[in-house]
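> Just the structure for this:
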Amino acid sequence: MAEENQEEALGLKPRRKQPHFVLIHGMSLGSWCWYKIKCLMEVSGFAVTCINLKSSGIDSSSADSITSFDQYNQPLIDFLSSLPEQEQVILVGHSAGGLSVTSAIHRFPKKICLAVYIAASMLKFGFQTDQDLKDGVPDLSEHGDVYELGFGLGSENAPTSALIKPEFQRKLLYHMSPQQECALAALMMRPAPLLALTTAKLEEGDKSKEEEGDMAHVPRVYIKTLHDRVIKPEQQDAMMKRWPPSQAHDVDSDHSPFFSNPFVLFGLLIKAAVSVGSI
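Numbering: from 1, shown residues only. Predicted structure coming up:
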């Protein structure tokens with residue numbers, strides 16, 4: 001604080017606080033998937049936090065025990081709740097992590113200066129309609145039986161968890177990524193809480209008009225993955241058409257640009273931060 005006052009006394013502009021990026025993984029991944037982006041951000045002087053959602057990464061919960069989206073998303077909610085009142089972050093969500101980003105916009109609009117969706121489910125209220133499911137849920141049926149399913153509530157009920165079988169992972173998720181990244185992912189991926197994700201409904205609730213305005217004023221950037229076999233480009237286009245972002249960018253990538261094109265992805269994240277005056 002004293003340093004800032006000294007700069008003002010000398011007629012210098014106070015240095016802007018570097019943005020804090022909060023990175024949210026997609027289905028079956030964890031904070032580990034961001035290791036290249038985290039390194040690029042930290043060596044560039046940016047603050048970065050990588051969240052492990054419930055049953056993901058180093059979180060020891062079983063995916064079959066997570067039956068609601070709020071349970072799954074609790075680590076992000078806890079993190080944002082713990083932030084000082086005036087602190088703002090840049091939320092970045094990949095794939096199903098887009099649902100977590102949108103949920104956070106509903107609950108903490110004043111703590112988010114920018115939301116970035118990377119090949120992500122960007123649906124204003126989650127999965128409310130058949131169209132939401134068509135646009136935001138991967139349809140991998142053309143590839144046959146690709147999932148290992150878990151039935152935590154019994155085989156007579158809907159599956160509670162899912163993991164793409166090892167023999168399909170490179171073909172669907174990482175076909176443009178280095179082989180060593182596929183090997184890492186094969187060791188680290190875990191079943192995802194399918195029931196919690198596919199029933200994610202994000203309600204506005206009893207928001208005041210002021211709170212609704214705060215949510216509407218959170219700028220959103222979409223990064224479209226041009227060679228995606230999971231959230232297909234046409235699905236990404238459909239979501240952007242229905243809830244237009246402030247900006248959109250393309251990246252030559254499979255579903256996992258943090259592996260296949262990390263330098264370009266990093267550049268786009270910084271460009272997005274610059275566009276809202278965070279840098």
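
> in the stretch 151-279 of the chain, which spans are strands?
Using DSSP state E, counting those that start in this stretch, the strands of the stretch 151-279 of the chain run over residues 161-164, 220-225, 247-251.

> winner for burial among these?
Neighbour counts (mean count of other Cβ atoms under 10 Å) averaged over each of those peak at strand 220-225, with a mean of 24. Just so you know, the C-beta spots here come from the backbone N, C-alpha and C atoms, and that holds for glycine as well.

> per-residue confidence averaged over it?
Averaged over strand 220-225, pLDDT sits at 98.

> can you check stretch 194-207 too?
81.

> List the buried residues for it?
For stretch 194-207, the neighbour count (16 or more other Cβ atoms under 10 Å) marks 194-198, 200, 202 as buried.

> Can you tell me which of these comes closest to residue 243?
Nearest to residue 243 out of those is residue 202 (Cβ to Cβ; 11.8 Å).

> wait, isn't the closest one in contact with residue 132?
No: using Cβ atoms under 8 Å, residue 202 is not in contact with residue 132; the gap is 10.3 Å.

> Would you mind telling me which of the strands of the stretch 151-279 of the chain is nearest residue 50?
strand 220-225 (17.3 Å).

> what angle do the closest one and strand 247-251 make?
Angle of strand 220-225 versus strand 247-251, following axes from the mean of the first three to the mean of the last three Cα atoms, to 10 degrees, is 20 degrees.

> quick one: strands adjacent to strand 220-225?
strand 112-118 (parallel), strand 247-251 (parallel) (DSSP bridges).

> which outside residues touch the first one?
Looking back up the chat, that one is strand 112-118. 19, 88-95, 97-98, 101-102, 104-105, 218-223, 225, 245, 257-258, 265, 269, 272-273, 276, 278 (Cβ atoms under 8 Å, 6 or more residues apart in numbering).

> Same question for the last one.
Among residues not part of strand 247-251, those counted as contacts by Cβ under 8 Å, 6+ apart are 219, 221-226, 240, 257, 261, 264-265, 268, 271-272, 275.

> Closest to residue 60 out of these?
Here the nearest of the contacts of strand 247-251 to residue 60, counting by Cβ to Cβ, is residue 257; it sits at 28.6 Å.

> what about the closest one, neighbour count?
By other Cβ atoms under 10 Å, 27 other residues sit near residue 257.

> what does residue 192 give?
The burial count for residue 192: 28, using other Cβ under 10 Å.

> which ones are touching it?
Contacts of residue 192 by Cβ under 8 Å, 6+ apart are 27-28, 55-56, 63, 96, 161-163.

> Show me which of those residues is closest to residue 120.
Nearest to residue 120 among those is residue 96, at 7.5 Å by Cβ to Cβ.

> surely the closest one meets residue 26?
Yes: Residue 96 is within contact range of residue 26, at 4.7 Å (criterion: Cβ under 8 Å).

> anything in contact with each of these two?
residue 120.

> before we move on, back to that, so what sits against both of residue 202 and residue 132?
123, 125-126.

> Turn those into CSV, including pLDDT.
What follows is the shared contacts of residue 202 and residue 132, written out as CSV (pLDDT from 0 to 100):
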residue, pLDDT
123, 97
125, 96
126, 97
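
> ok, so of those residues, who is nearest residue 182?
Distances from residue 182 to those, taken by Cβ to Cβ, are shortest for residue 123, at 29.0 Å.

> The closest one and residue 99: what is the separation?
Counting by Cβ to Cβ, to the nearest Å, the gap from residue 123 to residue 99 is 7 Å.

> Now residue 173. Nearest residue, chain neighbours left out?
Excluding the flanking residues, the one nearest residue 173 by Cβ to Cβ, 6 or more residues apart in numbering is residue 255, at 5.2 Å.

> Looks like the one you found contacts residue 172 (just checking).
Yes: using Cβ under 8 Å, residue 255 is in contact with residue 172, at 7.2 Å.
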